[in-house]
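**Student:** return atomic coordinates for the entry below.
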Amino acid sequence: MVDIPTPHNSAVKGDFAKTVLMPGDPLRAKLIAETYLDGARLVNNVRGIQGYTGFYKGKRVSVMGSGMGMPSIGIYSHELFTLYDVDNIIRVGSAGAIHKDLPLRSIVLGQGACTNSNFASQFRLPGQFAPIASYKLLRAAADEAERMGLNYMIGNLFSSDTFYDDAESLADWDKMGVLAVEMESAALYMNAARFGKNALCICTISDRPLLNEGCTAQERQETFTQMMELALEIAPA
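**Tutor:** As a prediction, this is how the structure comes out:
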């Protein structure tokens, strides 16, 4: 480990806590830091991605945006895991409901991530890899969600490389029991597996694409607080 920043991160070794919450939106990272963390300090702002470290109920915790898509979270999670000694990344993002019983603002805990991405090809495996969450984090999140009385489901996410999908294939994932679509989880889970780390994706349902329902951009940024509080409660120190 060299004590220098990467091209995407100006923090130095020790700036990040062992657990990092990663929303896609950097403004959501700023909101989490300002709302929930004591003594929050900006440790990275390269490309406006905004990474902060502070304390939540005495636990040292960091939060940093991941940007949109698997290439982006793939870069940031790789660097956090390998260059900044981060052990746990909890994605706190938005997702589109595929399952009919997921209303707006309900929560999905991603136990696995199906994908149409070619991200896994870099690992040169003689077959297809099934990206899954850390059971330790998943179990803790499920127990805490029960305690908090949240409306949540546990199941597979679909991590898509395409936001505007010309094939319009969500119904095909629905028939396989996939709960929601987003764009980051598979890459995060694969990087965690590769480096022996822990990852979990906690997503709030921001829209229901099969029913043409959705929240505004401002609502996505500012009102998805339950998943933030859930992630902070289970964040390992």
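**Student:** for the protein, what spans make up the helices?
**Tutor:** Ranges of helices within the chain are 26-36, 70-83, 135-148, 170-174, 185-194, 217-222, 225-234, based on DSSP state H.
**Student:** just send these back as TSV, with mean neighbour count, distance to residue 17 and mean pLDDT too.
**Tutor:** In short, each C-beta sits where N, CA and C put it, glycine included. Below are the helices of the chain laid out as TSV (neighbours: other Cβ atoms under 10 Å; distance: least, Cβ to Cβ, whole Å; pLDDT from 0 to 100):
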stretch	mean neighbour count	distance to residue 17	mean pLDDT
helix 26-36	20	12	95
helix 70-83	21	10	97
helix 135-148	16	15	98
helix 170-174	15	35	90
helix 185-194	26	16	98
helix 217-222	14	23	75
helix 225-234	21	12	97
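**Student:** okay, those helices in TSV with distance to residue 126 next?
**Tutor:** Conversion of the helices of the chain to TSV gives the following (distance: least, Cβ to Cβ, whole Å):
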stretch	distance to residue 126
helix 26-36	38
helix 70-83	22
helix 135-148	25
helix 170-174	26
helix 185-194	16
helix 217-222	40
helix 225-234	35
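**Student:** between the ones you listed, which one is nearest to residue 209?
**Tutor:** helix 170-174 (6.3 Å; Cβ to Cβ).
**Student:** which residues does that closest one contact?
**Tutor:** For helix 170-174, the external contacting residues (Cβ atoms under 8 Å, 6 or more residues apart in numbering) are 96, 98, 99, 114, 158, 181, 209, 210.
**Student:** okay, stretch 33-49 in CSV with CA atoms only?
**Tutor:** Presented in CSV, the C-alpha positions along stretch 33-49 are these (Å, rounded to 0.1, in the frame of the first residue of the first chain):
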residue,chain,number,x,y,z
ALA,A,33,-22.8,12.9,6.3
GLU,A,34,-24.5,16.1,7.3
THR,A,35,-27.6,14.5,8.7
TYR,A,36,-26.2,11.4,10.5
LEU,A,37,-22.5,11.7,11.1
ASP,A,38,-20.8,13.5,14.0
GLY,A,39,-17.6,15.4,13.0
ALA,A,40,-18.0,14.5,9.3
ARG,A,41,-14.9,15.4,7.3
LEU,A,42,-14.7,15.6,3.5
VAL,A,43,-11.8,13.2,2.5
ASN,A,44,-12.4,13.1,-1.2
ASN,A,45,-14.0,15.3,-3.8
VAL,A,46,-12.3,14.3,-7.0
ARG,A,47,-14.9,14.6,-9.8
GLY,A,48,-17.4,15.8,-7.2
ILE,A,49,-17.9,12.3,-5.9
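**Student:** so which of the helices of the chain gets nearest residue 129?
**Tutor:** Of all the helices of the chain, helix 185-194 sits nearest to residue 129, with 6.7 Å by Cβ to Cβ.
**Student:** what packs against that closest one?
**Tutor:** helix 70-83, strand 88-97, strand 107-115, strand 152-159, strand 198-208 (3 or more Cβ pairs under 8 Å, 6 or more residues apart in numbering; DSSP states H and E).
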